[in-house]
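*Asks:* Provide a 3D model corresponding to the input given below.
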Amino acid sequence: MSGAIPEQAKADAAAPLGLYVHVPFCASTCDFCAFYQKEPTADDVKRFLRGIADEAAQVAWPRPVTTVFWGGGTPGLLAPRHLAELADVVRARCGAAPEEWTVELAPGSVTPERLAVLREAGVTRVSLGVQSFQPALLDALGRMHTREQVLAAHERVRAAGFHSVNLDLMFALPGQTADEWAADVREAVALAPDHLSTYCLTFEEDTKLWLKLSQGRVKLDPEREAALYEATWAQLAAAGYAQYEVSNFARPGHACRHNLNTWRMHEWIGLGPSAASQHAGWRGGNVADLDKWLAGLARGERLTEDRVRLTPALLAEDALIFGLRMNAGVDLAPWRTRAPEVPWPMVEDSLATLAAGGLLAREGDTVRLTDRGRIVADSVATELMAAFEPILETA
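*Replies:* Residues are numbered from 1 along each chain as shown. The predicted structure is shown next:
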């Protein structure tokens, strides 16, 4: 018997497996947020926790989970006892302690009691949704916390002893000046987090900001956004934070492993209403409604939204698109072997055009975006997706 099959089996068994849990509860909806969320009631929380346990039991887990990410919503709105209950479900799927376990927390939800439960459960990484330190800008986003709550939350998280702390910031906010953004970055750096995520404000449909945009009350300014992007990269590099993805910067050893595995097209399993999964040959999402999600689970149904079969060509396309967002770029060689049906000559032509335009650099089979390319990463993605269309349309 050839050794190829056993070797492939070994590789599959050793591949990372992520677990994402969507906790949909929020006290209020931020103007920019398009994620599924709802105000919690005691009964909803109980039903949600039962649903998570039920959904986890319905999944055919191929191997122990290596990275965990709790997002929302605001996971920190759960009471300490409910956080412990949710953590028990997660730990049962990890075999041992996961390599990384991230929990997103809103500054106003951070308490010593919640942090103690998370630390005891094995959480290694806390991500604080700061967005800005300036009251007027927080108000413009519909955020409910204050600068003082951010500082107090960060101090508590550090005191609790988590391995890694991330701060989320947003720029290109309505009315925000370049000086105000630079001040926010300076204040974040002064707290010495291990990781910083800096996101350009996007206008998602069905949000309050989208309505303001459609009414002309706020306007898009791509040139301003690009200038703020570039200024951010320089400011954080000078402060010792290495950029490893378009929006993410970290000190050595603190890049988010869960996100890296996702961008590299490894498998992950999503639990909770609206949670997406890429697992067992399929990609899909749970319905974004607590009641409908629970009703589906009662019938034994998961991933009922946007369900797509994962072909090698689709994974190759996504590996290239998301891989280029990372500063390390993407190695094309393994994908040529894994997805020979891809029209690689067309892909190569697109890559050559992008390189000639100064948007992409290449070393052998490794391609990566230039600084200029990262500014227009979405446009680069659109260009490359066109090369994959012939094969994906017939799949």
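*Asks:* Spatially central, which residue of this structure would that be?
*Replies:* Nearest to the mean C-alpha position of the chain, counting by C-alpha atoms, centre = their mean, stands Asn259 at 5.8 Å.
*Asks:* measure that one to Gly108 for me?
*Replies:* For Asn259, the distance to Gly108 equals 25 Å [C-beta to C-beta, to the nearest Å]. Where C-beta positions appear, they are placed from N, C-alpha and C, glycine not excepted.
*Asks:* Check Tyr241 too.
*Replies:* For Tyr241, the distance to Gly108 - C-beta to C-beta - is 26 Å.
*Asks:* do Ala121 as well
*Replies:* From Ala121 to Gly108 the distance is 21 Å (C-beta to C-beta).
*Asks:* do Asp184 as well
*Replies:* Counting by C-beta to C-beta, the gap from Asp184 to Gly108 is 18 Å.
*Asks:* out of the two, which sits in the busier spot?
*Replies:* Neighbour tally, Asp184 and Gly108, criterion other C-beta atoms under 10 Å: the higher count belongs to Asp184, 24 against 19.
*Asks:* Confirm that one sits in a strand?
*Replies:* No: looking at Asp184 with DSSP: H, G, I helix; E, B strand; the rest coil, it is helix, so not inside a strand.
*Asks:* May I have the residues that are in contact with it?
*Replies:* For Asp184, the contacting residues are 132-134, 137, 169, 171, by C-beta atoms under 8 Å, 6 or more residues apart in numbering.
*Asks:* Make CSV from the residues you listed and add secondary structure and distance to Ala190 to it.
*Replies:* Below are the contacts of Asp184 laid out as CSV (DSSP: H, G, I helix; E, B strand; the rest coil; distance: C-beta to C-beta, whole Å):
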residue, secondary structure, distance to Ala190
Ser132, coil, 15
Phe133, coil, 10
Gln134, coil, 15
Leu137, helix, 18
Leu169, strand, 13
Phe171, strand, 17
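*Asks:* and which of these is nearest Gly357?
*Replies:* Phe171 (25.6 Å; C-beta to C-beta).
*Asks:* Can you report how many residues neighbour the closest one?
*Replies:* By other C-beta under 10 Å, the residues close to Phe171 number 24.
*Asks:* Same check on the one 5 residues further on?
*Replies:* For Gln176, the neighbour count with other C-beta under 10 Å is 20.
*Asks:* Could you do Thr366 as well?
*Replies:* 14.
*Asks:* In a helix, Arg196, correct?
*Replies:* No Arg there; residue 196 is Leu. No: secondary structure of Leu196 (three-state DSSP): strand, not part of a helix.
*Asks:* Skipping its backbone neighbours, what lies nearest it in space?
*Replies:* Phe249 (4.8 Å; C-beta to C-beta, 6 or more residues apart in numbering).
*Asks:* Quick check: beta-bridge partners of that neighbour?
*Replies:* Leu196, Gln243 (DSSP bridges).
*Asks:* got the contact list for it?
*Replies:* Phe249 touches 195-198, 236, 241-243, counting by C-beta under 8 Å, 6+ apart.
*Asks:* which one is Glu187 nearest to, not counting chain neighbours?
*Replies:* Going by C-beta to C-beta, 6+ apart, Glu187 has Phe133 as its nearest residue, at 4.8 Å.
*Asks:* I'd like to know how many residues surround that neighbour.
*Replies:* 22.
*Asks:* okay but it is in contact with Glu148, surely?
*Replies:* No: with contact defined as C-beta atoms under 8 Å, Phe133 does not count as touching Glu148 (9.8 Å).
*Asks:* List every C-alpha atom in stretch 60-72, with coordinates, as CSV.
*Replies:* Coordinates of the C-alpha atoms in stretch 60-72 are reproduced here as CSV (Å, rounded to 0.1, in the frame of the first residue of the first chain):
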residue,chain,number,x,y,z
ALA,A,60,-19.5,15.3,14.3
TRP,A,61,-16.2,16.5,15.9
PRO,A,62,-13.3,15.2,13.8
ARG,A,63,-10.6,16.0,16.4
PRO,A,64,-10.0,18.1,19.5
VAL,A,65,-10.4,21.9,19.1
THR,A,66,-7.2,23.9,19.0
THR,A,67,-8.4,27.5,19.1
VAL,A,68,-11.6,29.0,20.5
PHE,A,69,-13.1,32.4,19.9
TRP,A,70,-16.2,33.8,21.6
GLY,A,71,-17.7,36.8,19.8
GLY,A,72,-21.0,38.6,19.6
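*Asks:* Distance from the chain centre to it, please.
*Replies:* 14 Å (C-alpha atoms, centre = their mean, to the nearest Å).
*Asks:* One more: stretch 232-242?
*Replies:* For stretch 232-242, the distance to the chain centre is 21 Å (C-alpha atoms, centre = their mean).
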